[in-house]
Every structure is written in structure tokens, then in C-alpha cells.
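S.K.: One predicted model, sequence on top.
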Amino acid sequence: MRRPLHNFFQEKFLFLLCILIGVIHGTIYIFIAPPWAHYDEPTHFEYTWMIANREFFPKAGEVDILLRRQIMQSMIANDFFRARGGRPDINKMPDPVNIGITQLGDPPIYYLIASIPLRFMRNQPIENQLIAGRFVSLILFLAAVAVGWKFSREVAGKDNPIRWMIPLTMVLLPPLVELMSAESSDSAALLVYSLFLLFGVQLLRQGLKIKYILVLALLVVIGFFTKSSTWLMGAAMVIGIIVSFFRKRAFLGWILVGMAFVMALFLLFEWGDAALWYRDTLQNETTRIGTQFNGEKSFAIRLIDDSTERDVSLYQTLPKKYLPSNPGSPITIGVWMWAEQPILVNPPQFMVLNDKGQRWINAEPVMLTQQPVFYAYKIKFPAEAWQSFIVLKPFDRAEPTGTIYYAKPVVAAGTFDVWQIPAFSDANASRGEWAGKPFTNLVRNAGTIQSWPKFRDFVYAFVDKIDYRLTEGIGRAIYALDFKGAFWYTKSTLLAIFRSFWAKFGWGEVTLAGAKPYRPFIIATIIMLAGCLLGISKKFSWDGLNTALWLGVNIFLSLGFAWFTGISMNSFVSKPHLPVARFIFPAILAILTFWSFGW
């Protein structure tokens, strides 16, 4: 039966209205935002410009010195550094000048598309070329809005306001439109992921059909060459295929997904690393090893330094409640150490984080033998410490130097006799007496009784072929299992994503004014979640639940990717790099589905 003519024109009008609002809103941001005022815009433009002006495709590590100086001059002329420590003098900068983290080597699809107008603008000022690149991003965003219009008709029935709420929210959400009108590959990622969600929902609702599987597989491949924030579409596709196979008995599909997840854990991980230690080493062997210590079977930490490219180390966060409250208070540090051959090494070091990053309190190196010997020294607790760490970092130079062993490291608040050996009252060395004085060991799992997982060697080898930064990051991510020492990062990440989802612009430097400006958004989110629960209870269907669960998986994967980006930048033990909402914007259609349904 044909739809009434007025309904057809009403839908067309609403669609064109959404596109028009998107054009106006996006164009405002294109011109109101100063040049280079978006995340990594200088280096995104550098990649695009080099494609448009080079005969050969640029490779990771390449630099155009003249281009970089042009960009830097433009950044200075447009007051980029006004809020970042003052106007620099370009004449004093060594080549190549630093314009940010390079994008060369990143997936190329967006940059190829954005380079098209630049090929006809080679004699134009680079600010004009940047504006052209921003318009390319806006066009990709409007295409994603059109996909969102089609998507909303898949998840909502006739006359349901969700059909216009999703695309209208896309073009009205300021941080989303601001980012999608920047010279950035985020706009291409949004379009690819939106298409993936559209065909994924069609697969779930219409059953296992080869055409949908082929389209989803093609989008996964395209996503791999678009932006890393879309790479987890592969996992979401597999889950979608499994669930759609059991469409009439969806719970069986989700049970199978759960079983596959558990099997994947056994396949990807092995057990045996020293628990509560942050792994900054790529050694294949576990960091926990059984040993004979003082004539008894015990455990020790094993750190293997066989890299020519990096220093290896293990970190542990020290609990604040046991640390001194006053700067200058004494702390005593000790450990049993030995090596496979005599060698000069650093004892465990004390490190704190503050506004300027890491601050190390170094100690005199010690000569190790093949026999365990107790070494100890005293320090004064520094001022301005956000977090405090004990760090096992035996060497300060990147050259292979052998295997070092540590047993029962001690950090005790107060002054203790470094020539005496502490006597522990329990197997995990958590407390005891030191030269007749009782103490609490701030090092957790000091006896290395507890262990936890590490990725298997083949996982590191496979990931390293994709990106060496992923190899380092996946090892560091396991430290999140230390809830006491690392949960602050997860909490801060969720807060940063929430705030930047609603109103945070530029490089995260433009925020809302007022004492608690984000409180209304918290209240609105609570109402939305309550609405979702109410709606599920009133309008329950297995098809609807199936779709909701799959969209929820995509949101969770996007949040996981965002969470991981900060970890890959060493945020656990250095100045934090908290991810913002741009890392979850590719899954915006899934997010807005729950938001609209809740309201």
C-alpha cells in the first residue's frame, strides 16, 4: 500500500531540513574556528597537502621542511599559541619544526579524498587550502547524516519520532558538528561506521543474507584503511553474524558469543606475570618466576633487558593513604637483587607525577652478583605528587644487558636502618619489623605470591605487524586489573568523554563556563537511562532486544578503543592523555538510538 502523498513530502521536508541545518551549522564552524584550532589539524593538513603535491605517496617519517615552516608561520600568525605559553620565534626553531604528532603512516582514505580540491589550489594560501579540506569533511559528515536518516527508519517504526530525532540530533550536537567540519579523518570514520551500523541492523532484522555479510566485510576493509577508531568493526561484524544466524532464538546466539569470548580469553592470554606491576617491557617470558630464596621455595620478579631500542621497566602505584602527608618526610626503600652475571644496575627508584610530568628520585647504582643481596637507601618525599610509584628500571641505556631478579621490594614510610634486613610477618611481605621497628610495606604483592595474565607471544607478534604502538599498549592495558592503582584513569576517561560529548571544543581547551556546567547533562542522561528501562519494560520484543544488544556492543567497543588510546600513550605512569568523545563519535548512531529511545 502506498504512503499518503502528504506523508511522503513531510518526510522529504524533514530530511532536507536536517541537511540544511547541518550545512549551516557546519559552515559556521568552518569559518568561526581559527586555522589549526582543531585536534591535530596541522598534521592532518600536512598529510593531505603532501598527497596533493607529491608525485609519490608520502611514507611514515617523511618531512617537508618548507611546508612545516609555512604551517608554523600560519599557526603563529593566527594566534594558535596565545593560550599555549606565548608566541614562539620561528627563527630559533630547528628543522623540522614541530607542528604536532605526525599522521603520516595512518590509514590514507580520508587524506586521498581531502587532497582532491588541493590539487587545484596549489597557488592559494595554505589557510584557504585548509578551508577547502574542512569543506570536504563537512560533505562526508552530511553523507553520514543521510545514512543516519536511513538508519533511523531501520530501528524505529512508522510515525515514531526517533525517525527524525537521530539525524536532527546529529546536526545539532555542537561538538560533533565542530569536529566534523575540521580537517580530520574523523569525518570519514563516522561515515564508514554509520554505513556499518546501518547494514548491521539490516542483517539482524532480516536474517543471515550473503549480501549483507559481503557489504559488512567490505566496510570492515574500508574502515581498516580509514581510521583506527573503526578497526573494531571486525569484532562487531562477527558478533552480528553469529546472532543473526540464531535470529529466532536470539538468546542462543548471545550464549554462543559469550562462550566464544571466554574461549578467546584462553587463546589470547597466558597466566604468570607478577600481579599489580605495570609492564613496560616486551619480554616474552613472564615477569614472575619461582626461585629458591633463603633456602625456601619462593617467587621473584624477572626483568629481561634484551632490547636495543628501549629501556625496560616495571611500575607499581603506591597507595596514597600510607604515604607521608608532608613533603620532606623520610621514606626507606629496599630490595633483594641478583643477576645472571655481575653487572652494575639501578636499585628500585621512586617516581612521582606532578604538573610537569614525571619526577625521578635517583639512587646510586649497585653491583649485582649471582647471589641475592639486600640493598636499601633513604629518600625524602617530594612535594606536588599526584601519584607515586616504585619503579624497577635497572638500566638507563637502550642496549642489551641481561636478566635481573628482584625479591620482596620494600617501601616504608619513615627512617629505618639500611644496614639491617627487614623481617616480614607474612609470606607476601606486606608488613613486619625493621631493626626492631614495625612497618607497613607500601609495595603490594611484594612477595610476588599473586600473578595475573599476559598476552601470548603470537599476539604481540601479530599486533606488532599492524603498529608497534599497539604492541606496547596492549601490554600496558593489563595494569587496569589493578583496581586500586589504575581505576582513576578509567573514571577520568569516562568523565572526559562525557564532558566533551556535550560541550568541549578545539583542542579540549574551550569548555562551558560556570561552577558545575555539566550537571544539567548528567540529569538529562539519568532521565534518558530511566526512559530506556521504562521503554524496554513496556515495548519488549526479541528483535528489539537483539538490535539494542548489538548496538550496545558497538558502543562498548568504541569506549574500549577510546580508553585504550590514552593507555597506549603511557597515561598510567606519565602525564595523562585522557581521550575525548571524538574517539566514540564513529558509533554516534548507536549512542543516539538509546538517547532518542530513552526520551
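M.R.: Good, I have the coordinates.

S.K.: quick one: residue 102 from residue 450, how far?
M.R.: Remark: distance between residue 102 and residue 450 (Cβ to Cβ, to the nearest Å) = 41 Å. (Each C-beta comes from the backbone N, C-alpha and C, glycine too.)

S.K.: show me where the stretch 401-550 of the chain has helices.
M.R.: Ranges of helices within the stretch 401-550 of the chain are 457-466, 468-477, 483-502, 519-538, 542-568, based on DSSP state H, counting those that start in this stretch.

S.K.: weakest of the ones you listed by average pLDDT?
M.R.: Mean pLDDT across those is lowest at helix 468-477; the value there is a mean of 81.

S.K.: can you pull the buried residues of it?
M.R.: Neighbour counts over helix 468-477 (16 or more other Cβ atoms under 10 Å) mark 470-477 as buried.

S.K.: which strands and helices sit next to that helix?
M.R.: Counting contacts by 3 or more Cβ pairs under 8 Å, 6 or more residues apart in numbering; DSSP states H and E, helix 468-477 packs against strand 278-280, strand 451-455, helix 457-466, helix 542-568.

S.K.: thinking again about what came up before, residue 102 and residue 450: who's more crowded?
M.R.: Neighbours were counted for residue 102 and for residue 450 using other Cβ atoms under 10 Å; residue 102 has more, 19 against 13.

S.K.: Contact partners for the residue nearest to residue 182 when sequence neighbours are not counted?
M.R.: Spatially, and ignoring its direct neighbours in sequence, residue 182 is nearest to residue 38 (3.5 Å; Cβ to Cβ, 6 or more residues apart in numbering). By Cβ atoms under 8 Å, 6 or more residues apart in numbering, residue 38 lies in contact with 178-179, 182-184, 506-507.

S.K.: shaky segments in the stretch 301-450 of the chain?
M.R.: For the stretch 301-450 of the chain, the stretches with pLDDT under 70 are 308-309, 398-400.

S.K.: at 80 instead, please
M.R.: For the stretch 301-450 of the chain, the stretches with pLDDT under 80 are 306-311, 322, 325, 355, 383-384, 396-400.

S.K.: what do you get for the stretch 51-200 of the chain?
M.R.: 83-86.

S.K.: Let me know how buried residue 65 is, in neighbour terms.
M.R.: By the criterion of other Cβ under 10 Å, residue 65 has 10 neighbours.

S.K.: related to what we said a few turns ago, where helices are concerned, which of the contacts of residue 38 count?
M.R.: Counted as lying in helices by DSSP state H, out of the contacts of residue 38, are 178-179.

S.K.: Show me which of the contacts of residue 38 is closest to residue 276.
M.R.: residue 507 (34.3 Å; Cβ to Cβ).

S.K.: State the phi and psi torsions of the nearest residue to the closest one once chain neighbours are set aside.
M.R.: What sits nearest to residue 507 in space, not counting adjacent residues and going by Cβ to Cβ, 6+ apart, is residue 39, at 5.9 Å. With angles defined as degrees, to the nearest 10, residue 39 sits at phi -50, psi 120.

S.K.: show me what contacts residue 39?
M.R.: Counting by Cβ under 8 Å, 6+ apart, the residues that residue 39 touches are 179, 182, 184, 507-508, 580, 582.

S.K.: Among those residues, which one lies nearest to residue 350?
M.R.: Closest to residue 350, out of all of the contacts of residue 39 and judged by Cβ to Cβ, is residue 508, at 31.1 Å.

S.K.: any idea how far residue 536 is from that closest one?
M.R.: Where residue 536 is concerned, residue 508 sits at a distance of 35 Å (Cβ to Cβ).

S.K.: just residue 138 next, same as before
M.R.: Per Cβ to Cβ, residue 138 is found 36 Å from residue 536.

S.K.: With neighbour numbers in mind, choose between these two.
M.R.: For residue 138 versus residue 536, neighbours defined as other Cβ under 10 Å are more numerous around residue 138 (22 against 15).

S.K.: Run a quick check on the more buried one versus residue 25, I expect a contact.
M.R.: No. Counting by Cβ atoms under 8 Å, residue 25 is not a contact partner of residue 138; they are 9.4 Å apart.

S.K.: Could you dump the buried residues of helix 468-477 into JSON lines and include distance to residue 107?
M.R.: Below are the buried residues of helix 468-477 laid out as JSON lines (distance: Cβ to Cβ, whole Å):
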{"residue": "470", "distance to residue 107": "14"}
{"residue": "471", "distance to residue 107": "18"}
{"residue": "472", "distance to residue 107": "20"}
{"residue": "473", "distance to residue 107": "17"}
{"residue": "474", "distance to residue 107": "19"}
{"residue": "475", "distance to residue 107": "23"}
{"residue": "476", "distance to residue 107": "23"}
{"residue": "477", "distance to residue 107": "22"}
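
S.K.: and which of these is nearest to residue 348?
M.R.: For those, the residue nearest residue 348 by Cβ to Cβ is residue 476; the value is 19.4 Å.

S.K.: Quick check: the closest one touching residue 565?
M.R.: No. Between residue 476 and residue 565 there is no contact under Cβ under 8 Å: 11.8 Å.

S.K.: Please enumerate the shared neighbours of these two.
M.R.: Common neighbours of residue 476 and residue 565 are not found (criterion: Cβ under 8 Å, 6+ apart).

S.K.: correct me, but residue 360 touches residue 351?
M.R.: Yes. With contacts counted by Cβ under 8 Å, residue 360 reaches residue 351, the gap being 5.1 Å.

S.K.: Looking at those two, which is more packed in?
M.R.: The neighbour count for residue 360 versus residue 351, taken as other Cβ under 10 Å, is higher for residue 351 (22 against 14).

S.K.: The residue nearest to that one when sequence neighbours are not counted: how many residues sit nearby?
M.R.: The shortest distance from residue 351 to any non-neighbouring residue, by Cβ to Cβ, 6+ apart, is to residue 389 (4.7 Å). A count of nearby residues for residue 389, using other Cβ under 10 Å, gives 23.

S.K.: What of residue 21?
M.R.: Residue 21 has 17 neighbours, counted by other Cβ under 10 Å.

S.K.: mind listing what it touches?
M.R.: Going by Cβ under 8 Å, 6+ apart, the list of residues near residue 21 reads 168, 171-172.

S.K.: ok, now with 10 Å
M.R.: 145, 167-168, 170-172, 177 (Cβ atoms under 10 Å, 6 or more residues apart in numbering).

S.K.: now residue 66
M.R.: Applying Cβ under 10 Å, 6+ apart, one finds that residue 66 lies in contact with 95-96.

S.K.: rerun that using 8 Å as the cut-off
M.R.: By Cβ under 8 Å, 6+ apart, no residues touch residue 66.

S.K.: Extract the CA atoms of the host helix or strand of it and return them as CSV.
M.R.: Element membership of residue 66, judged by DSSP states H and E, is helix 65-77. What follows is helix 65-77, C-alpha atoms only, in CSV (Å, rounded to 0.1, in the frame of the first residue of the first chain):
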residue,chain,number,x,y,z
ILE,A,65,60.8,21.2,5.9
LEU,A,66,59.4,24.1,3.8
LEU,A,67,55.8,23.1,4.3
ARG,A,68,56.3,22.7,8.0
ARG,A,69,57.7,26.2,8.3
GLN,A,70,54.7,27.5,6.3
ILE,A,71,52.3,25.8,8.6
MET,A,72,54.1,27.0,11.7
GLN,A,73,54.2,30.6,10.4
SER,A,74,50.4,30.4,9.8
MET,A,75,49.9,29.0,13.3
ILE,A,76,51.8,31.9,14.8
ALA,A,77,50.0,34.4,12.7
